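Participant: no FASTA, just this:
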């Protein structure tokens, strides 16, 4: 009878349970891995043989078959190595586990028998709670990230031999430090650095309060990029559910920097204007997330938006409406969330000095330049604002007026203003529904 152990696979940012079945048959020595695994899964046969021998166990000279069920789902990655090694040792009666049915196994094996960390741990751990698994055995480097999900025991092991001792009950689990999921943070930048642009800050405050897309048009050096970088500082704090969504995306993309705590800052993504359609939307052989998904629950800033290719910009039309994006490739089709606030910045003409004496652009050049952004994209820009570059005298006059009549623009004050605006928006929606 074949042995069965539990592992996981990832489709998009969703984890799926995989049963790794192992059996030995009569025939010439060989290793077959079935179940729609990619090349990384197929190459596990060499890693398994070396790791098992270096751990002090025998690799059977028989025909060995591994089945990754369900067999109609495509599987990618090297994290099945540990499950296949344990399943083979159980099948050949080299180990006798006390309880394996409620244990999930995740990890890549090196030739020396060490367990290496893998990407996409969070979606797997979230899925592990659904079938009521009681514990997970994984690489020690992945434990801090996995501990962000409560309700399941995490056991970190450095080698295959340690994992075997854990399964057979010969080793007591080490005491793992519980990390604080919420670490206080503060932004290094603030709206107090913005001088003389009160009307623009008001527009930005309204856009941030309602999550509206915003297009800034103005000459070079008027403060478009400076203001855009400060928008996340006045957005509301992310809830725990939003933080987990963002962390799952970054975990799948292997972009997590601090794996011991939740992401509490709103994402801010600012790709260069030569970014391709696949870089913005997502793609590659395995349909990985792009910039719009990495900006989920945050801000996507397209500086010099008119310099992006028209094809890349028009690909944003559907995600801006549906807040999700589906990427289909030969390796599979994945759906990622893409609920972001789009901020665009551009010049008013090719030279950037429209309306000034030094502008030499013809009317045809100006019209052609502005037509680089299609009508549907402009229609999705809820707020569009154009302003001129402030001179030194204008800055002094506006700064003087601000000190007399206008309160400070620090982050906390803008947050309070945004809270009031959100309440007004909700009241307007409720009143319109009651009247209708």
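Facilitator: Everything's here; your move. In this text the structure is predicted, and so the values were computed from the model without any measurement.
Participant: use CA for all of it now, contacts and neighbours both
Facilitator: Will do.
Participant: enumerate every residue touching residue 140.
Facilitator: Residues near residue 140 by CA atoms under 8 Å, 6 or more residues apart in numbering: 117, 155-158.
Participant: and the gap between residue 388 and residue 150?
Facilitator: As for residue 388, its distance to residue 150 is 52 Å (criterion: CA to CA, to the nearest Å).
Participant: so for the two, which sits in the more crowded spot?
Facilitator: A count of neighbours by other CA atoms under 10 Å puts residue 388 above the other of residue 388 and residue 150, at 16 against 11.
Participant: setting aside sequence neighbours, what's the nearest residue to that one?
Facilitator: Among residues not flanking residue 388 along the chain, residue 218 sits closest, at 5.8 Å (CA to CA, 6 or more residues apart in numbering).
Participant: try residue 53
Facilitator: In space, residue 53 is closest to residue 59, 6.4 Å off (CA to CA, 6+ apart).
Participant: quick one on the thing from earlier: widest-spaced pair of the contacts of residue 140?
Facilitator: Across the contacts of residue 140, no pair lies farther apart than 117 and 155, at 13.1 Å, counting by CA to CA.
Participant: can you check which residues contact both of the two?
Facilitator: Common neighbours of residue 117 and residue 155 (criterion: CA under 8 Å, 6+ apart): 138, 140.
Participant: spit out the contact partners of the residue nearest to residue 388.
Facilitator: Residue 218 makes contact with 224, 345-348, 352, 386-389 under the criterion CA under 8 Å, 6+ apart.
Participant: out of these, which end up buried?
Facilitator: Buried members of these, scored by 16 or more other CA atoms under 10 Å, are 224, 345-348, 352, 388.
Participant: low-confidence ranges, the stretch 151-300 of the chain, go.
Facilitator: Along the stretch 151-300 of the chain, segments meeting pLDDT under 70 span 171-186.
Participant: quick one: the strands in it?
Facilitator: Taking DSSP state E, counting those that start in this stretch to define them, one finds strands in the stretch 151-300 of the chain at 153-157, 214-217, 268-269, 282-283, 288-289, 299-303.
Participant: tell me the most buried of those strands?
Facilitator: strand 288-289 (a mean of 26; mean count of other CA atoms under 10 Å).
Participant: contact partners of the helix or strand containing residue 68?
Facilitator: Using DSSP states H and E, residue 68 sits within strand 63-69. Residues from elsewhere that reach strand 63-69, judged by CA under 8 Å, 6+ apart: 18-37, 84.
Participant: thought residue 319 was touching residue 325?
Facilitator: Yes - here residue 319 reaches residue 325: they are 5.6 Å apart, a contact under CA atoms under 8 Å.
Participant: centroid residue for this structure?
Facilitator: In the chain, the residue lying closest to the centroid (CA atoms, centre = their mean) is residue 249, at 2.6 Å.
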